[in-house]
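Colleague: Pasting the sequence and the predicted model now:
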Amino acid sequence: MATNWLDDLNPAQREAATFGTGPLLVIAGAGTGKTKTLACRVAYLIDQGVKPERILLLTFTRRAAAEMIRRAQKMCSAVEVGKVWGGTFHAVANRLLRIYGQALSLAPNFTVMDQSDAADLMNLIRSELGVAKDKRRFPKKRTLVAVYSHTVNAQNSLRRVLDKYFPWCKEEYEGMKAVFEHYVQRKADHQLMDFDDLLLHWLALCDSQEVGRAIADRFDHVLVDEYQDTNVIQARTLRGMRKAYDSITVVGDDAQSIYSFRSATVRNILDFPEQFPGAQRVTLEKNYRSTQSILAAANALMDQAVERYTKRLWSDRASGSKPLLHHCVDETQQTEAVCRHILQHREQDVPLRDQAVLFRAGHHSADLEIELGRRNIPFHKYGGLKFIEAAHIKDTLAVLRILENPYDVISWFRVLQLLEAIGPKTARRIMNDLGVDRRDDQPSRTDDETRRQTPLHRLFRTPPRVPAGARESFSCLRQSLADCLGVVVGAENETPDATPTSLSDPPSVPVQLERIARFLNPVIERVYDNYLVRQRDVDQLALIASRYRSRARFITDLTLDPPSATSDLAQPPHLDDDYLNLSTIHSAKGCEWTVVHIIHAADGMIPSDMAVGDSAGVEEERRLLYVAMTRAKDRLHVYFPLRYYHAKYRRGDGHGFAQLSRFLVDKVRTCFEERAVGQSAEPDDMANTPSTTDAQVVRDSINRLWSD
DNA sequence: GGCATGTGTATTTTT
DNA sequence: TACACATGCC
């Protein structure tokens, strides 16, 4: 079948999609059909005879990769496009390391830690070293992870990173250095990999004499999406992946780089031509998404930027009505206005799923979420607190991870402390008894006898001494672990064998979870509030697990690509269900909706107070607002609450007046139509619905006097 | 050594 | 608000 789908592309898109071999840089502005172009390029390459499994497609989220592959599949139905290596840098690194990691002496069953696991390990080390004892202000675990990650990702010296980004921690240089050294060693000893390690070890694989060539030569073509949000390690890795073959396509937009906190650098995209000599360049400027009036506002915003950007968007879509800027009395009014507009749009046949509310920080939607709940408006929140970060879910995963990697100190430490009468001290002693601390039995890793002596075997053969109060639940834990491995721990003196070759097959992953729940349910009931909800969450986990045959795969997928929202699992939305999208701006990247509501357009929120320290920070916040605005297809609402109550800090009626976001200068505001919420008529297209009146504002303000 | 209770403080974005 | 840390009791 010929390639008639190419007819749908404009000349620039077609040039990018049908580019031959060699390096190609595609500058693709917001809404210029980037996904479509990349999907077509995948389809084109396959159509030209490239084998799908010889294409590497790197995207920012797994969802993005899946979407492109799905689209490409539609174009070339004859070939199994699913064989394309698609996913995030981290997911691909994980996959390669499981195959080739032995070249770096990595165990194939290493554990992937997410950032909160990394924080726990930092904390463990911090307390062991006692660095925090005399200094009251030693950085907290999250700060430690942030500093560490920034340092390795930017390949910068700790000194310089502290000077530049964490000046308030400069005093603690020595202590932090010690913590980081132990952190690195401890991970190596216990087969733990944090997110940064995945990238660093992939790069190391590329540089390896043994397998570097083989890995690079696996792929004829490498395609990279969202290139503006990659860091120096990733850029270096890409160079390492191009040895015999030089075909690489990177797509990005310098005006949408919003991940510098993760050490992403816009230099990657700007320097691409030098890094990959002979690179061709294609620019996509025609926007298919937004009305001209939305683009006018977005362009006006970027005109204020300090930096020059490489393109200017245009559209031949009808100009549409101007975006609206709503001045609200306070957050309550903002919430009310958002709900009202959402329902009005729904009445005008824009279903909830085609609308989104965007905000800077996860908790900015708290008030709105409560109101949506009250009004029975279903929603789905992206970003913010993840299901996987809930304590009881981490507990469950920790048990699974012990099974997978018995040297996972973090998980042991966590699980043991769940037992009554076991705190940090006892937990550490038990771990010692079990030999979880690998430094003790390192000498001959390959020696068969040593391998047989994993902490789990010791647990089954010679259970360690535990406090009387913990005895019952400890034996319950032991039983659960044994059940999951398909091992019998009946009589005390038996010597069961729990190697994978053990006689009775280990049960399926959902069954393992059910066994774990037997141990965990009483624990959850004792330790947490809301235990019924939490126990149900564990059941939900088993439901997801039913899609997996491999426990290792399940754990890693959950870590690298966690369910995006708590509600994902609490009430999995049916396909025909209509629900509103709530999202942080970061998580909204790459998405589009018919109607977009941006809330909290106040200085201190956008830009975030945390980011206004230097001009680079402010510039990034501007791009963030740009990303938010360009998500809208037909209608854009921006909300500004004038008054914030700081009940958070002090009780009472203290409040302060906010400033409109500094990015909404006069030149930008002329692209908006401004409304005072509750004080004037609504625009034509939402005229005939009841609206808040002046009197309502008065009543609200009176009521507030005793609402507290 | 564990654990309940009280106090102070910092407070973004994500693979 | 929520989390880390200190204190004092069991």
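Modeller: Arrived safely. Numbering: from 1, shown residues only, chains lettered A, B, ... in the order given.

Colleague: Run through the strands of the stretch 101-250 of chain A in chain order.
Modeller: Under the criterion DSSP state E, counting those that start in this stretch, the stretch 101-250 of chain A contains strands at A:111-112, A:192-193, A:221-224, A:248-252.

Colleague: Run the chain-centre distance for stretch A:370-385.
Modeller: Stretch A:370-385 sits 19 Å away from the centroid of its parent chain (CA atoms, centre = their mean, to the nearest Å).

Colleague: still on that earlier bit, turn the strands of the stretch 101-250 of chain A into a markdown table, including distance to A:Leu400.
Modeller: Using the backbone N, CA and C atoms, a C-beta is placed for each residue, glycine as well. Written out in a markdown table, the entries for these read as follows (distance: least, CB to CB, whole Å):
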| stretch | distance to A:Leu400 |
| --- | --- |
| strand A:111-112 | 10 |
| strand A:192-193 | 15 |
| strand A:221-224 | 32 |
| strand A:248-252 | 37 |
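
Colleague: Looking at those, spot the one closest to DNA strand B.
Modeller: Distance to DNA strand B, taken as CB to the nearest atom of the strand, is lowest for strand A:111-112 among those, at 9.7 Å.

Colleague: Adjacent strands (with direction) for that closest one?
Modeller: Each strand that strand A:111-112 pairs with, and the sense of that pairing, follows from DSSP bridges: strand A:192-193 (parallel).

Colleague: The partner strand near DNA strand B anywhere?
Modeller: No - no part of strand A:192-193 sits close enough to DNA strand B to count as contact by CB under 7 Å from any atom of the strand; the gap is at least 12.0 Å.

Colleague: The residue nearest to A:Glu404 when sequence neighbours are not counted in helix, strand or coil?
Modeller: Of all residues not flanking A:Glu404 in the chain, A:Ala552 sits nearest, at 5.4 Å (CB to CB, 6 or more residues apart in numbering). Three-state assignment for A:Ala552 (DSSP: H, G, I helix; E, B strand; the rest coil): helix.

Colleague: interface residues of the stretch 151-300 of chain A facing DNA strand B?
Modeller: Applying the criterion CB under 7 Å from any atom of the strand, the portion of the stretch 151-300 of chain A that neighbours DNA strand B consists of A:195, A:258-259, A:261-262.

Colleague: avg pLDDT for whichever helix or strand A:Gln479 is part of?
Modeller: Here A:Gln479, judged by DSSP states H and E, is contained in helix A:471-485. On average, the pLDDT along helix A:471-485 is 89.

Colleague: Now do it: which elements does it pack against?
Modeller: helix A:391-404, helix A:455-461, helix A:509-527 (3 or more CB pairs under 8 Å, 6 or more residues apart in numbering; DSSP states H and E).

Colleague: Save the strands of the stretch 101-250 of chain A as JSON lines, and put in distance to A:Ala66 and mean neighbour count too.
Modeller: Shown next, in JSON lines, are the strands of the stretch 101-250 of chain A (distance: least, CB to CB, whole Å; neighbours: other CB atoms under 10 Å):
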{"stretch": "strand A:111-112", "distance to A:Ala66": "20", "mean neighbour count": "25"}
{"stretch": "strand A:192-193", "distance to A:Ala66": "24", "mean neighbour count": "23"}
{"stretch": "strand A:221-224", "distance to A:Ala66": "15", "mean neighbour count": "22"}
{"stretch": "strand A:248-252", "distance to A:Ala66": "17", "mean neighbour count": "25"}
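
Colleague: hmm, back to that, buried only: go through the residues of the stretch 151-300 of chain A next to DNA strand B for me.
Modeller: If you count burial by 16 or more other CB atoms under 10 Å, the buried members of those come out as A:195, A:258-259, A:262.

Colleague: Tell me which two of the residues you listed sit farthest apart.
Modeller: Taking CB to CB, the two most distant members of those are A:Phe195 and A:Ile258; they sit 18.1 Å apart.

Colleague: burial measure for the residue of the stretch 51-200 of chain A found nearest DNA strand B, as a count.
Modeller: Closest contact between the stretch 51-200 of chain A and DNA strand B, by CB to the nearest atom of the strand, is at A:Thr88 (3.5 Å). Residue crowding around A:Thr88 was assessed by other CB atoms under 10 Å; the count is 22.

Colleague: can you pull the contacts of it?
Modeller: Contacts were defined as CB atoms under 8 Å, 6 or more residues apart in numbering; by that measure A:Thr88 touches A:58-62, A:65, A:560-561.

Colleague: Now do it, the pLDDT please.
Modeller: Listed pLDDT for A:Thr88 reads 92.

Colleague: Could you list the low-pLDDT ranges of the stretch 51-200 of chain A?
Modeller: Counting by pLDDT under 70, the low-confidence segments of the stretch 51-200 of chain A come to A:131-137.

Colleague: one more time with 90, if that's ok
Modeller: A:60-67, A:74-82, A:105, A:107-109, A:111, A:113-192 (pLDDT under 90).

Colleague: picking that back up, between the helices and strands packed on helix A:471-485, which one is closest to DNA strand B.
Modeller: Taking CB to the nearest atom of the strand as the criterion, helix A:509-527 is the member of the helices and strands packed on helix A:471-485 that comes nearest to DNA strand B, at 8.5 Å.

Colleague: Show me what the helix or strand just after that closest one is in contact with.
Modeller: As assigned by DSSP H and E, the chain's next helix or strand after helix A:509-527 is helix A:531-545. Applying CB under 8 Å, 6+ apart, the contact partners of helix A:531-545 are A:387, A:390, A:392-393, A:396, A:509-510, A:512-514, A:516-517, A:520-521, A:524-525, A:528, A:554, A:558, A:563, A:569-570.

Colleague: repeat that for 7 Å
Modeller: Counting contacts by CB atoms under 7 Å, 6 or more residues apart in numbering, the residues outside helix A:531-545 that touch it are A:390, A:392-393, A:396, A:509-510, A:513-514, A:517, A:520-521, A:524-525, A:528, A:554, A:569.

Colleague: With only the CA atoms kept, save the strand ranked longest in chain A in CSV.
Modeller: For chain A, the strand that runs over the most residues, judged by DSSP state E, is strand A:632-645. Taking C-alpha atoms only, strand A:632-645 is exported to CSV below (Å, rounded to 0.1, in the frame of the first residue of the first chain):
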residue,chain,number,x,y,z
ALA,A,632,-6.1,25.4,24.4
LYS,A,633,-7.8,24.8,21.1
ASP,A,634,-10.9,27.0,21.2
ARG,A,635,-11.3,28.7,24.4
LEU,A,636,-8.9,29.9,27.1
HIS,A,637,-9.8,31.1,30.6
VAL,A,638,-7.3,32.6,32.9
TYR,A,639,-8.3,33.3,36.5
PHE,A,640,-6.7,35.7,39.0
PRO,A,641,-7.8,35.7,42.6
LEU,A,642,-7.2,39.1,44.1
ARG,A,643,-7.2,38.1,47.7
TYR,A,644,-5.6,35.2,49.5
TYR,A,645,-6.4,34.3,53.0
